[in-house]
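Visitor: sequence and predicted model, in that order:
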Amino acid sequence: MNVKETELLKQILKIASRDFAQHGCNDVDDKLFTDWTIEEREKFVKEYHDYNGDPEEFDRGYLHLPDFAIMNYLAHKLANPVENRVMLTLADIKEEFSQWLVKISGDAGEYRIFGYDFFNERILVERSCGMEWVDLSKCKFISKGSA
């Protein structure tokens, strides 16, 4: 998605969230989550409650959120792509990962990125020492053009 499409989606999600909040039933069908692992769903619901300011409401035994809450939270994530690492492309990750390697070791050396696990915010990297998953939160990525 380009920037304008992302902005449009964010605005539509906000409008839909306000509209859906007026419905009598705001259940989301569990079928929408059939390809999610339990860990992915727990992480999503926990992050929602952190965002919503009620982290004490997170309950591993109850992973349901109302439809309007999901729309509002996803609109927030679209509005804050760097904070939520939603808009990083693999090229962005490679460039910023190289900068991070230079910063911590003085030399990026040779490496290849084999995969990007978006939900768990990590990349699979092959370096001279072998293959390893690297947690992106340790890299402290910044958006292009930011200081």
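Guide: Now that the structure is in, tell me what you want to look at.

Visitor: which element is residue 19 on?
Guide: Assigned by DSSP states H and E, residue 19 belongs to helix 3-20.

Visitor: packing partners of the helix or strand just after that helix?
Guide: Where DSSP H and E defines the elements, the next helix or strand beyond helix 3-20 is helix 38-52. Packing partners of helix 38-52 (3 or more C-beta pairs under 8 Å, 6 or more residues apart in numbering; DSSP states H and E): helix 67-79. Where C-beta positions appear, they are placed from N, C-alpha and C, glycine not excepted.

Visitor: how much distance is there from the helix it packs on to the middle of the chain?
Guide: 12 Å (C-alpha atoms, centre = their mean, to the nearest Å).

Visitor: now it - C-alpha only, CSV.
Guide: C-alpha atoms of helix 67-79 as CSV (Å, rounded to 0.1, in the frame of the first residue of the first chain):
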residue,chain,number,x,y,z
ASP,A,67,-15.0,-5.1,16.4
PHE,A,68,-14.8,-1.4,16.9
ALA,A,69,-11.9,-1.7,19.3
ILE,A,70,-9.9,-3.8,16.7
MET,A,71,-10.7,-1.2,14.0
ASN,A,72,-9.6,1.7,16.2
TYR,A,73,-6.4,-0.1,17.3
LEU,A,74,-5.5,-1.0,13.7
ALA,A,75,-6.1,2.6,12.6
HIS,A,76,-3.7,3.7,15.4
LYS,A,77,-1.1,1.2,14.2
LEU,A,78,-1.5,2.6,10.6
ALA,A,79,-1.1,6.1,11.9
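
Visitor: which residues does residue 13 contact?
Guide: 71-72, 74-75, 78 (C-beta atoms under 8 Å, 6 or more residues apart in numbering).

Visitor: let me see the domain layout of this structure.
Guide: What automatic domain parsing lists as the domains of the chain is 3-79, 90-139.

Visitor: in CSV, list the ones you listed along with mean pLDDT.
Guide: Shown next, in CSV, are the domains of the chain (pLDDT from 0 to 100):
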stretch, mean pLDDT
domain 3-79, 87
domain 90-139, 69
